[in-house]
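Peer 1: For reference, the sequence and a predicted model appear below.
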Amino acid sequence: MQKPIYILGIETSCDETAAAIVKDGREVLSNVIYSQIDIHKKFGGVVPEVASRNHIQKISGVVDDALEQANMTFDDIDAIAVTYGPGLVGALLVGVSTAKALSFALNKPLIPVNHIEGHICANYISYKDLKPPFVCLIVSGGHTHLVYASDYGKYEIMGRTRDDAAGEAYDKVARTLGLPYPGGPQIDTLAKIGNPNAIEFPRAYLEKDSLDFSFSGLKSSVLNFINQCKMKNEPIVNKDIAASFQASVVEVLVNKTMNAVKNTNSSKLLLAGGVSANSALRSEFSRICSENGIELYYPEMALCTDNAAMIASAGYYGYLRGDRADMKLNAVPSLKLSSQL
Ligand code: KG4
Ligand code: ZN
């Protein structure tokens, strides 16, 4: 039997300070997340400078906790994997500097990880036998990507958002409705008691056959609707607005994704990223996939939003294929998802 590989993953790309230890890319030994949500809540969204400062304060303790919870010391770790983009530059730099310092001091390999690939790999933790090829829809606060993965680390981007990410649209609409940050889960809950047909919001399909997304028109239309209600002194029914907005997002995401599945003749579809925690999105995909004989995968709730276990999992596959970074590794805020070597 081969010796197991233990990866320490570090994630600080936005407002979660996280560290985790994962065995052979699939088995989570610890997954520590210090969420800054309560700090950013009072500002209605993430304040980059505040996020960086909190990462600095918390990162060492979070890494120590990850080791302690896994009952390990630094000596037991084979490599350190870190998110180096995309994300907020100051926030990313905290994780990157920490990982570089550990790699240098411990003389262990440093594996650079793309945050979007991390979200995809969260599924490897939830499903131990899952293997490429597959189609993956990544929907988070910062990204909306439709990707075909032909193998580990081999990605073809089939579509992406041209403006707002899906989660960003959720958060902005929620803010206008007076709901706290992050708005996605709030809208999800409200929509359950609202009428999805109450207001006909637009569906942005773009050019024929396009697999790109656009959510800014929908967001503006929700804002206009709310303003009109105010001007006409009509009641603003939050639950119906939430349900109708969500119906538009879910319809477009599902239809375009199923076209991507059809075009690539795939039998597996993965969901990933914070918005993949959405109950309407999950149930609509479950329905349509079972009707069409497609196997549907989505990570357990705690692995949908940002965490370091997914980074350690992606780092494991990077480790196997020989991805290595040196002390010149820098944060790349607008890093694109591309095929790894
Ligand atoms: O993946 P993530 O933690 O961070 C990024 O990489 O961006 O995603 C956070 C996003 C936020 O926009 C949040 O509102 C959204 O995921 N989100 C949801 C739900 N849970 C989190 N959106 C819709 N429904 C949910 N249940
Ligand atoms: Zn994320």
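Peer 2: Arrived safely, thanks for sending. Ligands and ions are numbered 1, 2, ... in the order given.
Peer 1: my guess is residue 134 meets residue 265, correct?
Peer 2: No: shown here, residue 134 and residue 265 do not form a contact pair, counting by Cβ atoms under 8 Å, at 11.6 Å. The way it works is simple: take the backbone N, C-alpha and C, and place the C-beta from them, glycine included.
Peer 1: So for those two, which sits in the more crowded spot?
Peer 2: Higher neighbour count among residue 134 and residue 265: residue 134, with 22 against 8, using other Cβ atoms under 10 Å.
Peer 1: okay, the more buried one: pLDDT?
Peer 2: The score at residue 134 is 98. That number is its pLDDT.
Peer 1: for the closest residue to it other than its chain neighbours, what are its contacts?
Peer 2: Spatially, and ignoring its direct neighbours in sequence, residue 134 is nearest to residue 268 (3.9 Å; Cβ to Cβ, 6 or more residues apart in numbering). Neighbouring residues of residue 268 by Cβ atoms under 8 Å, 6 or more residues apart in numbering: 130, 133, 134, 135, 294, 295, 297.
Peer 1: Which residues are in contact with residue 251?
Peer 2: With contacts defined as Cβ under 8 Å, 6+ apart, the neighbours of residue 251 are residue 203.
Peer 1: Give me the next element, helix or strand, following the helix or strand containing it.
Peer 2: Under the assignment given by DSSP states H and E, the secondary-structure element containing residue 251 is helix 238-263. Next helix or strand after helix 238-263 toward the C-terminus (DSSP H and E): strand 268-272.
Peer 1: Quick check: mean pLDDT of that following strand?
Peer 2: Predicted confidence along strand 268-272 averages 98 (mean pLDDT).
Peer 1: In the contacts of residue 268, find the pair that's most separated.
Peer 2: Set against one another by Cβ to Cβ, the contacts of residue 268 have their most distant pair in 130 and 294, with a gap of 13.8 Å.
Peer 1: now residue 123: how far from residue 270?
Peer 2: Here the distance between residue 123 and residue 270 works out to 5 Å (Cβ to Cβ, to the nearest Å).
Peer 1: if you count what's nearby, which of those two comes out ahead?
Peer 2: For residue 123 and residue 270, the more surrounded residue by other Cβ under 10 Å is residue 270, and the numbers stand at 28 against 24.
Peer 1: Does anything pack onto the worst-scoring helix or strand of the chain on mean pLDDT? Which helices or strands?
Peer 2: Using mean pLDDT, DSSP states H and E, helix 37-41 stands out as the lowest-scoring helix or strand of the chain, at a mean of 86. For helix 37-41, the elements it packs on are helix 48-69, judged by 3 or more Cβ pairs under 8 Å, 6 or more residues apart in numbering; DSSP states H and E.
Peer 1: elements contacting the helix it packs on?
Peer 2: Using 3+ Cβ pairs under 8 Å, 6+ apart as the contact criterion, the neighbours of helix 48-69 among helices and strands are strand 6-11, strand 16-23, strand 27-35, helix 37-41, helix 89-106.
Peer 1: Please repeat the previous calculation with a cut-off of 6 Å.
Peer 2: Using 3 or more Cβ pairs under 6 Å, 6 or more residues apart in numbering; DSSP states H and E, the elements in contact with helix 48-69 are strand 16-23, strand 27-35, helix 89-106.
Peer 1: and for that helix, what are the contacting residues?
Peer 2: 12, 15, 17, 19-21, 30, 32, 34, 36, 88, 90-91, 94, 98 (Cβ atoms under 6 Å, 6 or more residues apart in numbering).
Peer 1: circling back: need the overlap of contacts for residue 123 and residue 270.
Peer 2: Residues touching both residue 123 and residue 270 (Cβ under 6 Å, 6+ apart): residue 297.
Peer 1: So in terms of bridging, what pairs with the residue nearest to residue 134?
Peer 2: Taking DSSP bridges, one finds residue 295 as the beta-bridge partners of residue 268.
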